[in-house]
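>>> Take this sequence and fold it.
(one chain, ligands or ions: 1)
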Amino acid sequence: MRVAAISIFPEMFRAITDYGVSGRAVSEGHLVLDCINPRTFTHDRHRTVDDRPYGGGPGMVMKAEPVEAAIDEAVERVGGEAKVICLSPQGRVLDQAMVESLAAEPGLVLLSGRYEGIDERVLESRVDEEISIGDYVLSGGELAAMVLVDAVVRQIPGVLGHSQSAVEDSFADGLLDCPHYTRPEEHRGSRVPEVLLGGDHERIRRWRLKQSLQRTLIRRPELLRERELTAEEQRLLAEIENERPD
Ligand SMILES: NC(=O)c1ccc(N[C@@H]2CC[C@@H](O)C2)nc1
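Just a heads-up that it's a prediction; the model follows:
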């Protein structure tokens, strides 16, 4: 997948190109991430990318010209067919379904604003979609862009080894993840659940599914309302309801 990130702080993206799963995706060629700085497309001595807001008010606004020139360069780098996304609190909130659909795109241009935002004429004319990673304000779109790239890159075949299949990711099946344990069996007086110490894989699978259902019911019940439940999941939920303290 080819991604072009537009930001006045391109170095920030080392956080995903130089580490972990996304870093390996880059080194193995599953992900190509170009960073493009609007400042490159300024022509004044101070390389100005921002200016005061019409109508007054605090802060500065990113000028349309340098950002649009950066978008042109980004679309070319990505190879023409690119979805141009701006990260902002005004966007549709990212969820796993959107992540999976973005992973199917041939190329993405991710626009990260700073200051109070980007001149609206850029959003109107050059941005296909605004996406938010949640209902809170950040100082810039870069961290949101990196969250999106990390989630999307996990969906690319070959990025996660068999041992980490994205299919088993908690949100992949619409449930919260089950608890995880590793050695030692007893830690500060707390023991690993016995079922996990045995070798009965079917019993372990069922226990993990029940744990995921229980956690989802307790912490995020709205996720269950949206989800088709298998017969087995319905049975396990009934068991959970019967076991719940009154
Ligand atoms: N929740 C989010 O995804 C989000 C994205 C961007 C952002 N802040 C930038 C700074 C200026 C403007 O471009 C938007 N805050 C929150």
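>>> What's the mean pLDDT across stretch 157-176?
Mean per-residue pLDDT for stretch 157-176: 79.
>>> same question, stretch 85-99
Mean pLDDT, stretch 85-99: 98.
>>> For this protein, which segments are assigned as strands?
Along the chain, counting by DSSP state E, strands occupy 2-6, 32-36, 50-51, 61-62, 83-93, 107-112, 129-132, 186-187, 190-191.
>>> And the residue of this protein that's closest to the ligand?
Gly113 (2.1 Å; C-beta to the nearest ligand atom). Using the backbone N, CA and C atoms, a C-beta is placed for each residue, glycine as well.
>>> Can you get me a residue count around that residue?
Residues contacting Gly113 under the criterion other C-beta atoms under 10 Å number 26.
>>> Just the buried positions in stretch 178-198, please.
Judged by neighbour count (16 or more other C-beta atoms under 10 Å), stretch 178-198 contains these buried residues: 178, 196.
>>> what residues does it touch?
With contacts defined as C-beta atoms under 8 Å, 6 or more residues apart in numbering, stretch 178-198 is touched by 170, 203-204, 207-209, 211-212, 215.
>>> Kindly recompute the last result at 6 Å.
203-204, 207-208, 211-212 (C-beta atoms under 6 Å, 6 or more residues apart in numbering).
>>> For the closest residue to the residue of the chain closest to the ligand other than its chain neighbours, give me its contacts.
Distances taken as C-beta to C-beta, 6 or more residues apart in numbering put Gly141 closest to Gly113, at 5.1 Å, once the chain neighbours are dropped. For Gly141, the contact set (C-beta under 6 Å, 6+ apart) comprises 87, 112-113.
>>> give me that answer again for 8 Å
Per C-beta under 8 Å, 6+ apart, neighbours of Gly141: 7, 86-88, 110-114.
>>> what's the closest of the residues you listed to Asn242?
Nearest to Asn242, judged by C-beta to C-beta, of those is Leu87 at 44.7 Å.
>>> Surely that closest one touches Ala144?
Yes. With contacts counted by C-beta atoms under 8 Å, Leu87 reaches Ala144, the gap being 3.9 Å.
>>> Quickly list what's touching both of those two.
Taking C-beta under 8 Å, 6+ apart as the criterion, Leu87 and Ala144 both touch 112, 131-133.
>>> Farthest pair within these?
Spanning the widest gap among the shared contacts of Leu87 and Ala144 are Ser112 and Ser132, at 12.6 Å by C-beta to C-beta.
>>> What residues sit buried inside stretch 108-119?
Result for stretch 108-119 [16+ other C-beta under 10 Å]: buried residues 108-115, 117-119.
>>> Same check on stretch 126-142?
Across stretch 126-142, burial judged by 16+ other C-beta under 10 Å covers 126-127, 130-133, 138, 140-142.
>>> quick one: which of those sit in helices?
Per DSSP state H, helices hold the following members of the buried residues of stretch 126-142: 126, 142.
>>> contacting residues around Lys83?
Listed by C-beta under 8 Å, 6+ apart, the contact set of Lys83 reads 102, 105, 107-109, 128-129.
>>> swap the cut-off to 7 Å and go again
Lys83 is in contact with 105, 108, 128-129, counting by C-beta atoms under 7 Å, 6 or more residues apart in numbering.
>>> Quick check: the residue nearest in space to the middle of the chain vs Val195, distance?
For the chain, Leu148 is the residue whose C-alpha lies nearest the centre (C-alpha atoms, centre = their mean; 3.0 Å). Per C-beta to C-beta, to the nearest Å, Leu148 is found 36 Å from Val195.
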